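Undergrad: Next input, structure requested:
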Amino acid sequence: MTDDPLEPYRPYIDNFDLTEEQKLELVNALKLIAEMVLEKKFGLAKYPNKETN
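TA: Here you go, the predicted structure:
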């Protein structure tokens with residue numbers, strides 16, 4: 001077992017010209033986006049509804 005939090009994502013992110021810190025920030029942002037989409041899809045979202053005309 002490795003202490004590298006990016007290890008599962010390395011095949012996808014190592015080709016980007018990013019520092020390790022930027023790669024970690026990218027992965028964390030994508031996880032957050034995925035979590036928000038799932039929460040919205042399954043009705044668990046706590047975000048205010050924005051009405052559009």
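
Undergrad: list the buried ones in the longest helix out of those in the chain?
TA: Longest helix of the chain, by residue count under DSSP state H: helix 20-41. By 16 or more other CB atoms under 10 Å, the buried positions in helix 20-41 come out as 23, 26-27. C-beta: built from backbone N, CA, C; applies to glycine.

Undergrad: Just the CA atoms of that helix, as CSV, please.
TA: In CSV, the C-alpha atoms belonging to helix 20-41 read as follows (Å, rounded to 0.1, in the frame of the first residue of the first chain):
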residue,chain,number,x,y,z
GLU,A,20,2.1,17.6,-7.8
GLU,A,21,0.2,20.2,-5.8
GLN,A,22,-1.8,21.2,-8.9
LYS,A,23,-2.6,17.6,-9.7
LEU,A,24,-3.9,17.0,-6.2
GLU,A,25,-6.0,20.2,-6.5
LEU,A,26,-7.4,19.0,-9.8
VAL,A,27,-8.3,15.6,-8.4
ASN,A,28,-9.9,17.1,-5.4
ALA,A,29,-11.9,19.5,-7.5
LEU,A,30,-13.2,16.7,-9.8
LYS,A,31,-14.2,14.7,-6.7
LEU,A,32,-16.1,17.6,-5.4
ILE,A,33,-17.9,18.2,-8.7
ALA,A,34,-18.8,14.5,-9.0
GLU,A,35,-20.1,14.6,-5.4
MET,A,36,-22.3,17.6,-6.1
VAL,A,37,-23.7,16.1,-9.3
LEU,A,38,-24.6,12.9,-7.4
GLU,A,39,-26.2,14.8,-4.6
LYS,A,40,-28.2,16.9,-7.0
LYS,A,41,-29.3,13.8,-9.0
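
Undergrad: pLDDT averaged over that helix - what is it?
TA: Across helix 20-41, pLDDT averages out at 93.

Undergrad: Packing partners of that helix?
TA: Contact partners of helix 20-41 among helices and strands, from 3 or more CB pairs under 8 Å, 6 or more residues apart in numbering; DSSP states H and E: helix 10-13.

Undergrad: what mean pLDDT does the helix it packs on have?
TA: pLDDT averaged over helix 10-13 gives 96.
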